[in-house]
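J.: from the sequence below, what's the structure:
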Amino acid sequence: MLLRRRTEDAQSTFQRNRNCSSAERGRRRPPSKGSLPRVRDIGCDLLQLENEVRRDGDFGYSKVEGTSRREPAVETDVPKGHKYADLSLKHEALKPAAKRELVDFAQQAHGLSQRAACEMLNLSRSVYRYQPDTDRDLPVIEAIQAVLEINPGYGFGKLFKTMRRQGYRWNHKRVYRVYCLLKLNKRRKGKRRLPSRFPEPLAVPPAANCCWSIDFMSDALMCGRRFRTFNVVDDFNREALAIEIHLSLPAPRVIRVLERVSLFRGYPEKLRVDNGPEFISLALANWAEENDVMLDFIQPGKPT
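T.: Residues are numbered from 1 along each chain as shown. Below you'll find the predicted structure:
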């Protein structure tokens, strides 16, 4: 009896829920003409057609060979075998040499005039007719190589000043352009070494004032502060021409001492020096060249 009552209650509840759901479906608004149909209202044949289209991946766009999906093909008038055929797809600035070749191609293949071809490529006709003079920089190259054979460790600054002292009046921009064309502006890594100067063996000069030797010595005071002495000696009779004492003796101070000695002894023919920073400086080299004094560098590590 109890089981029959529970079964009847369950059937009545199911029937009541079914009537409510049908009533709600009756109160819903009908779909408008512009709305999309629901998936359950679409037939199986239409769903199958959509799956086939998605599987192909076209979606109404035709694939073009050499391009990505949905990208239109790029049309160009340059022949396929020409070496500039792929430049229309790249946004790279053309150099005047390449534009000259394209102007020639446009004149020969399409019959354009020189003016029209230059305007199309945005190239001036004076630039198109320009013929570079390749032999114009030969004197500059020879002058640069001559200086670097003697001083291979010079950079552009010392090189240009040396060329000016030799009498060349070329602009620094022109010299630097040739300097870069010779691949001399690249940074050289490694240990800095002194250039080989082919030192001559020590010999006694035949007369006084032929060869001077200059060098530095250092010592310290009672307080511990160090000082230096600059010594000038005549190699003929070992006469001490000057001894300059100071805490700092840079290259300009060395030149002042040599000028003071030369007032009563004259300039020597040769000046024997070591490879210290004061003696390999550009200031001392300029002074020696202006007064016709040859700098004789000793072999590194061998003062005698």
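J.: surely Y176 touches F156?
T.: Yes: counting by C-beta atoms under 8 Å, Y176 touches F156, with 6.1 Å between them. For glycine as for every other residue, the C-beta is placed from the backbone atoms N, C-alpha and C.
J.: joint contacts of the two?
T.: N185 (C-beta atoms under 8 Å, 6 or more residues apart in numbering).
J.: what are the ranges of the helices in the stretch 101-250 of the chain?
T.: When assigned using DSSP state H, counting those that start in this stretch, the helices of the stretch 101-250 of the chain occupy the ranges 114-120, 125-129, 138-150, 156-165, 172-181.
J.: and those: which comes nearest E289?
T.: Closest of those to E289 is helix 156-165, at 6.1 Å (criterion: C-beta to C-beta).
J.: R228 - how many residues pack around it?
T.: Counted by other C-beta atoms under 10 Å, the residues lying close to R228 total 15.
J.: how about D215?
T.: Other residues within reach of D215 by the criterion other C-beta under 10 Å amount to 16.
J.: and what of the one 5 residues further on?
T.: The criterion is other C-beta under 10 Å. On that basis, A220 has 9 neighbouring residues.
J.: distance of it from I243?
T.: To I243, A220 is 17 Å away according to C-beta to C-beta, to the nearest Å.
J.: can you check S213 too?
T.: In this structure, S213 and I243 are 13 Å apart, going by C-beta to C-beta.
J.: kindly reformat the helices of the stretch 101-250 of the chain as a markdown table containing mean neighbour count.
T.: Putting the helices of the stretch 101-250 of the chain into a markdown table (neighbours: other C-beta atoms under 10 Å) gives the following:
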| stretch | mean neighbour count |
| --- | --- |
| helix 114-120 | 15 |
| helix 125-129 | 12 |
| helix 138-150 | 14 |
| helix 156-165 | 16 |
| helix 172-181 | 14 |
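J.: ok, which of those comes nearest F230?
T.: Proximity of those to F230 was assessed by C-beta to C-beta; the nearest stretch is helix 156-165, lying at 23.9 Å.
J.: that closest one versus helix 172-181: what angle between them?
T.: Using axes from the mean of the first three to the mean of the last three C-alpha atoms, to 10 degrees, the interaxial angle of helix 156-165 with respect to helix 172-181 works out to 120 degrees.
J.: on that earlier part again, joint contacts of S213 and I243?
T.: V232.
J.: so those two - more neighbours on which side?
T.: More neighbours sit around S213 than around the other of S213 and I243, counting by other C-beta under 10 Å; the figures are 21 against 12.
J.: who does the more buried one form a beta bridge with?
T.: For S213, the beta-bridge partners are V233, R272 (DSSP bridges).
J.: need the per-residue pLDDT for it.
T.: The model reports S213 with a pLDDT of 88.
J.: one more: W170?
T.: Confidence for W170, expressed as pLDDT, is 93.
J.: next, the contact list for it, please.
T.: W170 makes contacts with 140, 163, as judged by C-beta under 8 Å, 6+ apart.
J.: distance of it relative to L182?
T.: As it turns out, when the distance is counted by C-beta to C-beta, W170 lies 14 Å from L182.
J.: ok, back up a step: out of the helices of the stretch 101-250 of the chain, which gets nearest to R238?
T.: Of all the helices of the stretch 101-250 of the chain, the one in closest proximity to R238, counting by C-beta to C-beta, is helix 138-150 (31.1 Å).
J.: what mean pLDDT does the closest one have?
T.: The pLDDT scores in helix 138-150 average 92.
J.: the helices of the stretch 101-250 of the chain into CSV, with extra columns for distance to F236?
T.: As requested, these are arranged in CSV below (distance: least, C-beta to C-beta, whole Å):
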stretch, distance to F236
helix 114-120, 75
helix 125-129, 66
helix 138-150, 28
helix 156-165, 30
helix 172-181, 42
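J.: which of the ones you listed sits closest to A283?
T.: Across the helices of the stretch 101-250 of the chain, A283 has its closest neighbour in helix 156-165 (10.8 Å, C-beta to C-beta).
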